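> generate a structure from the sequence data that follows.
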Amino acid sequence: MTLYAVGDLQGCRRPLELLLETVGFDTSVDKLWLTGDLVNRGDDSLGCLRFVRSLGDAAETVLGNHDLHLLALALSQQPMKSNPDLDRILNAEDCLELMEWLRTRPVLLHDAERRLLMTHAGIPPIWSDNEAQLHAKELESLFADRPRFLGFLSEMYGDKPDVWSDDLTGTERYRYLTNAFTRMRFCGPDGRLEFKHKDGIDDFPTGMRPWFDWPVKREHTVLFGHWAALMGRTGNDDFVALDTGYVWNNYLTLMNLDTGERLHCDTAGIVFSV
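Model prediction:
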């Protein structure tokens, strides 16, 4: 069994299909991890959802911030900003079925044998690997409880609280967990989150660093997406960035997690390695 990981699809199904065809992906023996943000910005978000779901147990995706926004559009009663690509999902006959599948996706994946963790955005430096897994299960339990999740959707948006405390409860606790796992880029050594800066690691606010740049000893390699401006570069092999901005006219990256080989598909449909 080969384990692969791929970066944010953002509504672009075809490059994933080309990459999987290139490696001869076999759903009976191989496994695919996805960094989340299956939808938005591209032109085939509905196709992405259907395709990933069709892979069954051979594929698992973590939830990204765009996935959560889609869930809020579909399941919340609040008026929210949409776009034609997301509207195609909302108007699809299998919309509710897809939303129920998406709602129960994890926010963190763990492979004990390979010593790997994956989240969409990352793990704050104040959490150990074990704490991150426990907090992920806490958030996943909320999402799995449909009435509680629907109640949370109307309170999910917001940048506060921006600092973690074990004493946080209720909406504030869940909002920090959601923001950390799905929106974080820069943070302070105390886990304080900052959302205004979205560029690469050479431009960050005073007192902040990329979340993976604080000196924290990790027992696992951490895989993540979300940050296309990094173009796959973190400067540290313990942190693997997989969002390489296909939707921004760059390329989609598929990584063999057993060999470390990375394949890319550009917007012309050309698959290559570097």
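> now the strands for the stretch 101-250 of the chain?
Secondary structure of the stretch 101-250 of the chain by DSSP state E, counting those that start in this stretch: the strands cover 109-111, 116-118, 186-187, 193-194, 209-210, 221-224, 239-241.
> what's the longest one packed up against?
In terms of contacts (3 or more C-beta pairs under 8 Å, 6 or more residues apart in numbering; DSSP states H and E), strand 221-224 is packed against strand 116-118, strand 239-241. Quick note: C-beta positions are derived from backbone N, CA and C, even for glycine.
> what pairs with it, parallel or antiparallel?
Paired neighbours of strand 221-224 in the sheet (DSSP bridges): strand 116-118 (parallel), strand 239-241 (parallel).
> residues making contact with it?
5, 33, 35, 114-123, 212, 237-243, 257 (C-beta atoms under 8 Å, 6 or more residues apart in numbering).
> filter those down to the buried ones, PyMOL style.
Buried members of the contacts of strand 221-224, defined by 16 or more other C-beta atoms under 10 Å, are picked up in PyMOL with:
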select buried, resi 5+33+35+116+117+118+119+120+121+122+123+212+239+240+241+242+243+257
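> let me have the strands paired with strand 221-224 in TSV, extended by distance to Arg218 and mean pLDDT.
Below are the strands paired with strand 221-224 laid out as TSV (distance: least, C-beta to C-beta, whole Å; pLDDT from 0 to 100):
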stretch	distance to Arg218	mean pLDDT
strand 116-118	8	98
strand 239-241	8	98
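> in CSV: those strands, plus distance to Leu70.
Putting the strands paired with strand 221-224 into CSV (distance: least, C-beta to C-beta, whole Å) gives the following:
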stretch, distance to Leu70
strand 116-118, 20
strand 239-241, 23
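> out of those strands, the one nearest Phe181 is which?
Ranking these by proximity to Phe181 (C-beta to C-beta) places strand 116-118 first, at 10.5 Å.
> quick one: the helices in this protein?
All helices of the chain, identified by DSSP state H, fall at 14-23, 45-54, 65-75, 84-90, 95-103, 129-144, 146-153, 170-182.
> mind checking which of those is nearest Trp248?
helix 14-23 (12.8 Å).
> tell me which of the strands of the stretch 101-250 of the chain lies nearest to Glu100.
strand 109-111 (19.8 Å).
> give me the contacts around that closest one.
3, 33, 60, 62, 116-119, 133, 220, 257.
> let's see it at 6 Å
Applying C-beta atoms under 6 Å, 6 or more residues apart in numbering, the contact partners of strand 109-111 are 33, 62, 117-118.
> how about stretch 245-257?
Against stretch 245-257 from outside (C-beta under 6 Å, 6+ apart): 3-7, 10, 12, 15, 19, 41-42, 228, 242, 244, 262-267.
> same check on stretch 13-28?
Residues outside stretch 13-28 that contact it (C-beta under 6 Å, 6+ apart): 44, 47-48, 51, 55, 58, 246, 252, 254, 263, 265, 271.
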